[in-house]
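Novice: Provide a 3D model corresponding to the input given below.
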Amino acid sequence: MPDEKKMIGRYEIRGTLGKGAMGAVYKGWDTRLELDVAIKVLLQTNDDTNRTEEITRFLREVKISRNLKHPNIVAVYDVGDDPDTGMPYIVMEFIKGKPLDNLMKERKFTIREIVTFVCQVADGLDCAAQAGVVHRDIKPANMMVDPDTLIPKLVDFGVARIEGTNATQSGTVLGTPHYMSPEQCRGEVVDGRSDIFSLGAVLYEMLTGIKAFQGDTIVNVMMGILDPNTPVPPSDLRPEIPYALSEVVMQALAKDPTDRFQRGKEMVEALQAAMAEAPTATVAIRPGDLPAIDKTVMMTVKAAKASGAAAAARSTRAAQPPAAGVPLQYIGIAVAVFLLLGGGAWFIFKPQAPVATQASPVAPTAPTPTASQATPAAPVSTIVVEVGVIKEQTGGKISLLNEGDPLRATDNFAVVVRPDNPSYVYIWQTDSSGEVFRVFPNSDFNPLGNPVSAKTEVWLPVAKNQRQWFHLDQNPGEEEIVVVVSSDPLQDLEDPLGLLSLSGVVDADTKRKIVSDLHRAQAKLSVGKPAQGASQVAQSSSGSSPVRSLEGNSKGFYYQIRLKHL
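Specialist: Numbers count the residues shown, from 1 in each chain. The predicted structure is shown next:
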């Protein structure tokens, strides 16, 4: 189009947004409706090679886009032929922003921003798939982003396919190599699950800063896509990435479409669940601020994974295979992760008058053996424990706190734990600065130690054999308490990685080391769930305090609660 051209039909040309060999996109002004638009024009060229296919794709984009109505898919308003050149043009919604690939070079996203962004794209892909449309070229360049709101818009449906048509026959490879699905690489007819794979590759890149499938040539990239051992899980390269989120990425990148999310909405739900489990401080991390990942690191991780797979195969063939799971010491790492990465406001113990309505003197006890000296409890199929983080209301009434409940500096609160069987109990408190404090076992708050005898209630805090209350400090934020119950003595929970005693501060490098083994720890402990047959909120068997009856697997469970410090 000549530079001096000022109008296309009723649309005034006000600038060039982008230009390629076959077409250009201009910023336009709709003189009738008086609004900004984007005008995509197919340009005239002297080369007629593939011209018919280009026009076909151009018109296909119009047909598909006009039928897709979704806030994260660019809207098409009009289509026509340039009266001067006879070439077709499309009038689309004008998007304030730029392609994601350009924006990623200019700014850094937090993990929460990345996941929120990808959820919106996945929802748009779900809408397209339900309409029978497969985009087939999902990549950062085809995601326009408003830099202020980070709202994405899917664009360029020129190579999209409508299911049930033969617009592109099997055997034709279309798409951008780094983001293509295995079935695209093989030239097979694809469905919406192919777009989910491509979106998984985009999410991988946003989280790690590197492409999921590396290669200097198209052939090498495609070989990586087809390789069942690629890519390396994001959390193996970036320990800061929550393991649950890494698992979502890997499911989206499953080589077999039946192993992936079957719909975009399934991927959205999985992403949201992963974020709900992640500590507050984790989701605020900006992967772009972290050191770059070099090829040496990637090769080391791949070699370790290969070595681990070989060892597992040898173990499987052994006459006496080892028990499932991982060494117990990793459980301590898991707890440290939840604490170190969770936000929180510190509490301080201020002894108050004894609680008359809760009177239940704690008899002095003989020194308790350390966890390493104690005799392990008899094996049980499940660990069942009464747990409560409780608050004193006006008039002495006691209420059970729930996730997200508010606490003020003047409030009285306590922690109650009562195992059904002899168990090892560990309780921590953390604040947003990374300071960690072990509440139990800790003789400052209760003379009892591990293992806790069956049916024995541990009330925290206790002073002079009387139940007392904790109070918050004056710094608002998020309070976090983690309770871990185990059937075995876990020395590493006393002092995770040998770094902490009763209190301590972990620096960024140490935190990375702890997080790197989070996924191994999670395989050992389950999340505490309501015990079968137990009411959701019950009264403690040894007092009037409300508690939850929770259970885990035979190894134990962890229970995490975050409270708003007002």
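Novice: Where does Gln214 sit: helix, strand or coil?
Specialist: The three-state label given to Gln214 by DSSP: H, G, I helix; E, B strand; the rest coil is coil.
Novice: Skipping adjacent residues, who's closest to it in space?
Specialist: Gly224 (6.3 Å; C-beta to C-beta, 6 or more residues apart in numbering). Quick note: C-beta positions are derived from backbone N, CA and C, even for glycine.
Novice: For the helix or strand harbouring the one you found, which outside residues touch it?
Specialist: Using DSSP states H and E, Gly224 sits within helix 218-226. For helix 218-226, the surrounding residues in contact (C-beta atoms under 8 Å, 6 or more residues apart in numbering) are 177-178, 180-182, 185-186, 213-215, 230-231, 255.
Novice: can you list the weak-confidence ranges in the chain?
Specialist: Within the chain, the stretches with pLDDT under 70 are 1-5, 20-22, 44-54, 158-175, 294-380, 430-436, 489-528, 532-544.
Novice: Domain boundaries for it, per the record?
Specialist: Domain assignment for the chain by automatic domain parsing gives 7-93, 98-306, 329-355+371-565.
Novice: what's the span of the first one, first residue to last?
Specialist: Between the opening and closing residues of domain 7-93 lies a distance of 18 Å (C-alpha to C-alpha, to the nearest Å).
Novice: In the stretch 101-250 of the chain, what residue spans correspond to strands?
Specialist: Here the stretch 101-250 of the chain has its strands, by DSSP state E, counting those that start in this stretch, at 133-134, 143-145, 152-154, 161-162.
Novice: Between those, which one is closest to Met267.
Specialist: Taking C-beta to C-beta, strand 152-154 is the member of the strands of the stretch 101-250 of the chain nearest to Met267, at 14.5 Å.
Novice: just checking, what packs against the closest one?
Specialist: Applying 3 or more C-beta pairs under 8 Å, 6 or more residues apart in numbering; DSSP states H and E, one finds that strand 152-154 makes contact with helix 111-130, strand 143-145.
Novice: Let me know which of the ones you listed is tucked in deepest.
Specialist: Among the helices and strands packed on strand 152-154, strand 143-145 has the highest mean neighbour count (mean count of other C-beta atoms under 10 Å), at a mean of 24.
Novice: Report the contact partners of Lys6.
Specialist: By C-beta under 8 Å, 6+ apart, the residues touching Lys6 are Glu12, Ile13.
Novice: 10 Å instead, please
Specialist: By C-beta atoms under 10 Å, 6 or more residues apart in numbering, the residues touching Lys6 are Glu12, Ile13, Arg14.
Novice: and it, how far is that from Phe94?
Specialist: Lys6 sits 18 Å away from Phe94, taking C-beta to C-beta, to the nearest Å as the criterion.
Novice: Just confirm Ile39 contacts Phe94, I think it does.
Specialist: Yes. Assessed by C-beta atoms under 10 Å, Ile39 is found in contact with Phe94 at 9.2 Å.
Novice: where's the nearest residue to Arg107 once chain neighbours are set aside relative to Glu266, distance?
Specialist: Closest residue to Arg107 apart from its sequence neighbours, by C-beta to C-beta, 6+ apart: Pro147 at 7.2 Å. Counting by C-beta to C-beta, the gap from Pro147 to Glu266 is 29 Å.
Novice: who has more neighbours, these two?
Specialist: It is Glu266, of Pro147 and Glu266, that has more neighbours when counted by other C-beta atoms under 10 Å, with 16 against 13.
Novice: Kindly supply the PyMOL command isolating those of the contacts of Lys6 that are buried.
Specialist: Entered in PyMOL, the line below selects the buried ones among the contacts of Lys6, by 16 or more other C-beta atoms under 10 Å:
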select buried, resi 12+13
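Novice: Give me the subset of the contacts of Lys6 that lies in strands.
Specialist: Within those, residues falling in strands by DSSP state E are Glu12, Ile13, Arg14.
Novice: Serialize those to JSON lines and add fields for distance to Val389.
Specialist: Below are the ones in strands among the contacts of Lys6 laid out as JSON lines (distance: C-beta to C-beta, whole Å):
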{"residue": "Glu12", "distance to Val389": "64"}
{"residue": "Ile13", "distance to Val389": "64"}
{"residue": "Arg14", "distance to Val389": "60"}
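Novice: Kindly indicate which of the residues you listed lies nearest Asp82.
Specialist: Of all the ones in strands among the contacts of Lys6, Asp82 sits closest to Ile13, with 11.1 Å by C-beta to C-beta.
Novice: Quick check: bridge partners of Lys27?
Specialist: Beta bridges link Lys27 to Gly15, Ala38, judged by DSSP bridges.
Novice: quick one: it and Phe94 touch, right?
Specialist: Yes. Contact criterion C-beta under 10 Å: Lys27 and Phe94 qualify, at 6.7 Å.
Novice: For these two, indicate the residue with more neighbours.
Specialist: In this view Lys27 and Phe94 are compared by other C-beta under 10 Å, and Phe94 has more residues nearby, 20 against 15.
Novice: Would you confirm that the more buried one contacts Leu33?
Specialist: No. In this structure, Phe94 is not within contact of Leu33 by C-beta under 10 Å, at 11.7 Å.
Novice: any residues in contact with both of the two?
Specialist: Listed as contacting both Phe94 and Leu33 by C-beta under 10 Å, 6+ apart are Tyr77.
Novice: contacting residues around the closest residue to Gly9 other than its chain neighbours?
Specialist: Closest residue to Gly9 apart from its sequence neighbours, by C-beta to C-beta, 6+ apart: Gly80 at 5.6 Å. Going by C-beta under 10 Å, 6+ apart, Gly80 touches Ile8, Gly9, Arg10, Tyr11, Ile39, Pro88, Tyr89, Ile90, Val91.
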